[in-house]
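Asks: kindly generate the corresponding structure for this input.
(2 chains)
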Amino acid sequence: MLKTYPLETDRNGLFDITEMADRALADSGVRSGILLVSVPHSTAAVTVVSPWDPRGFEDVHDEICRLIPTRVDFKHQHDTPQDAAGHIKAAVVGHSRSFYIEDGKIGIGHSQKIYFWEFDGPRRRSVQIKVLGIV
Amino acid sequence: MQPTPDDTIVTQALNDFLIQIRSLGTLVRDEVPRIEPRSRSVLATPEIYGLRQIVLAGSGDSYIAAACAAPAWRAWTGLPVQAMVSMEASRYLDLGQAPRSARARGLLVVSVSSSGEGARLVEATHRLRALGAITVATTANAGSRLGLSAEKVLDIAIPPSTPAPGVRSYAASLLGLYLLGIRLGEVLMRYTMDEANRLRGQLGELADPLSRAALESEQPVQVHLERWGSFDTADVLGSGPALGSAAFAAAKLVEAAGVHASAQDAEEFHHLNYFVDRPQAVPAVLFASARAAGATRSRELVATLQELGRPHLVVSDDARFAPAAQQLVLPQVHEFFAPLLHAVPAALLAAYAAARRDAVHYRGHRGPWRGAQGAGLVRNSVIELDP
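Replies: Below you'll find the predicted structure:
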């Protein structure tokens, strides 16, 4: 079963999509297996971050911008400098994450949530979630 | 009764003009997707980020297209953008400036000319390139003197049409300027890529309103001309992008009908041509979008024209803008793109005014006007390359 959820980003940075994953898992009825979260975009990614300090989100996003700053001299110039940097950030972070499912729960800890990471917002995006396993 | 040769010429000229006007919708539908990818590759991203000032230069219709587009470019890029006639750009911009100065590299000169052969613009492009500016020829003729004098070319070539005072070439110039302006704002990240694509989409979606406007404007334009009777002078008014539309309408009235028509800003009219004697003999055409930045002044101008007793036509996009009997209502589009729609009634006014006066376009390039044959007057002017 593949579920697709729309997501409208209003900025660059992290957007909590854990609830989407919980919903997809609940709809599937799977008790044990694998849940894959994927984004069909080349300037966005999926990651896991601690949710407890909101300033921590800024740290995470600031750091990738420090590592891969938006520059005007990227060779990819078809779109914008932010888009060009976004391609690299997305390639480094990755467009999907998989999680084990046990006892009908996603295998993430108390200080972990799943995030959509926008590198070229605001944009209209979507999140795809695939659940495989035993009901 | 057999038509005289002149009747035949006038009828043929009207039909040729109408064919051009009616083709604008198709032109926009076909050319936006062709020019758009070219507009992406004209300037490199580092060049765009180095820009500090932009000049959109041209003469005649090309200058008018630049004047129409300049306010949109200002909004999209956030940079100082000036539409400039080619004489100003060629002889009055590089005075006292050191050639090849690094500071001049921040100047972008977009030289607009469909033929690419106007001597003054070729001269301006040579001189400003020597100054160090980034020069982009926006032309239908990349191999022209302009194309060869500029550092870069934005190709706006379109399929040929019937001979008439330029309407399609003007529309192509507007498309080239709009698409390049949108591109600059996008790369400068003044808005998102989605928003840039929305602007491009709005431009492409003008195809249907343009076709509709051509169909629905022909009869009302003829009714107004009939009402006005014979006239030898006219004022064409507007503000912001619509001042460009006014200039285009005035240009077509001069070229096609031989009427002494002049364009004036809605504010300036109250200072100047308001005082013209025999107001009943001088029709006025006002181009005004109801949501334009200058709309309140244009509304006041409608009242002024009524009080003066001026025969007038208001080309707007809101039925409440002026009394119905004096108004031609076009589909509502963003103020920045309205000049494309305005080109329809502007050209129709000129086409039918010429037919009513039995006027041959450009006076047939005969008699005292023979010097304009082959555009010799504008192509053969002496070019001065040194400041």
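
Asks: tell me how far B:Leu27 lies from chain A.
Replies: Counting by C-beta to the nearest C-beta, to the nearest Å, the gap from B:Leu27 to chain A is 26 Å. Just so you know, the C-beta spots here come from the backbone N, C-alpha and C atoms, and that holds for glycine as well.

Asks: which stretch of helix or strand covers that residue?
Replies: Applying DSSP states H and E as the criterion places B:Leu27 in helix B:24-41.

Asks: now B:Glu307
Replies: In this assignment (DSSP H and E), B:Glu307 forms part of helix B:295-308.

Asks: pull the CA atoms of that helix into PDB?
Replies: Extracted in PDB, the C-alpha atoms of helix B:295-308 (Å, rounded to 0.1, in the frame of the first residue of the first chain):
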ATOM      1  CA  ALA B 295      -6.000  54.000 -11.200                       C
ATOM      2  CA  THR B 296      -7.300  56.800  -8.900                       C
ATOM      3  CA  ARG B 297      -5.700  59.500 -11.100                       C
ATOM      4  CA  SER B 298      -7.100  57.800 -14.300                       C
ATOM      5  CA  ARG B 299     -10.600  57.900 -12.800                       C
ATOM      6  CA  GLU B 300     -10.200  61.600 -12.200                       C
ATOM      7  CA  LEU B 301      -9.000  62.000 -15.700                       C
ATOM      8  CA  VAL B 302     -12.200  60.400 -17.000                       C
ATOM      9  CA  ALA B 303     -14.200  63.200 -15.200                       C
ATOM     10  CA  THR B 304     -11.800  65.800 -16.600                       C
ATOM     11  CA  LEU B 305     -12.300  64.600 -20.200                       C
ATOM     12  CA  GLN B 306     -16.100  64.700 -19.700                       C
ATOM     13  CA  GLU B 307     -15.900  68.200 -18.400                       C
ATOM     14  CA  LEU B 308     -13.800  69.300 -21.300                       C
END
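
Asks: what's the first helix or strand after it?
Replies: That would be, after helix B:295-308 and using DSSP H and E, strand B:312-316.

Asks: these two touch, right, B:Ile21 and B:Ala346?
Replies: No: with contact defined as C-beta atoms under 8 Å, B:Ile21 does not reach B:Ala346; the gap is 9.3 Å.

Asks: the two: who's more crowded?
Replies: A count of neighbours by other C-beta atoms under 10 Å in any protein chain shown puts B:Ala346 above the other of B:Ile21 and B:Ala346, at 29 against 26.

Asks: and that one, how far from B:Leu128?
Replies: Separation of B:Ala346 from B:Leu128 (C-beta to C-beta, to the nearest Å): 30 Å.

Asks: can you check A:Tyr100 too?
Replies: A:Tyr100 is 65 Å from B:Leu128, by C-beta to C-beta.

Asks: between those two, which is the more surrounded one?
Replies: Set A:Tyr100 next to B:Leu128 and count neighbours by other C-beta under 10 Å: B:Leu128 wins out with 26 against 13.

Asks: what's the pLDDT at that one?
Replies: For B:Leu128, the model assigns a pLDDT of 95.

Asks: swap in B:Asp386?
Replies: So, for B:Asp386, pLDDT stands at 84.

Asks: what of A:Ala90?
Replies: At A:Ala90, the pLDDT value in this model is 98.

Asks: what's the helix holding B:Glu307 packed up against?
Replies: helix B:266-271, strand B:284-287, strand B:312-316 (3 or more C-beta pairs under 8 Å, 6 or more residues apart in numbering or on different chains; DSSP states H and E).

Asks: please name the nearest non-neighbouring residue to the residue in chain A sticking out farthest from the centre.
Replies: Each residue of chain A has a distance to the centre, and by C-alpha atoms, centre = their mean the biggest one is for A:Asp73: 27.0 Å. Distances taken as C-beta to C-beta, 6 or more residues apart in numbering or on different chains put B:Pro46 closest to A:Asp73, at 5.3 Å, once the chain neighbours are dropped.

Asks: what about the one you found, neighbour count?
Replies: When neighbours are counted by other C-beta under 10 Å, B:Pro46 registers 13.

Asks: average pLDDT for the helix or strand encompassing it?
Replies: Assigned by DSSP H and E, B:Pro46 belongs to helix B:45-49. Taken as a whole, helix B:45-49 has a mean pLDDT of 96.

Asks: what do you get for stretch B:310-326?
Replies: What stretch B:310-326 shows for mean pLDDT is 95.

Asks: return the residues of chain B in contact with chain A.
Replies: Contact residues (C-beta under 8 Å from any C-beta of the partner chain) of chain B with chain A: B:40-41, B:44-46, B:48-49, B:186-187, B:189, B:192-194.

Asks: now do the SS call for B:Ala261.
Replies: B:Ala261 carries the three-state label strand when classified by DSSP: H, G, I helix; E, B strand; the rest coil.

Asks: per-residue pLDDT, it?
Replies: With respect to pLDDT, B:Ala261 scores 98.

Asks: and what of B:Arg105?
Replies: Predicted confidence (pLDDT) for B:Arg105: 86.

Asks: show me what contacts the closest residue to it other than its chain neighbours?
Replies: Closest residue in space to B:Arg105, ignoring its immediate chain neighbours: B:Gly132 at 5.1 Å, by C-beta to C-beta, 6+ apart. By C-beta atoms under 8 Å, 6 or more residues apart in numbering or on different chains, the contact list for B:Gly132 reads B:Pro99, B:Arg100, B:Ser101, B:Ala102, B:Arg103, B:Ala104, B:Arg105, B:Leu107.
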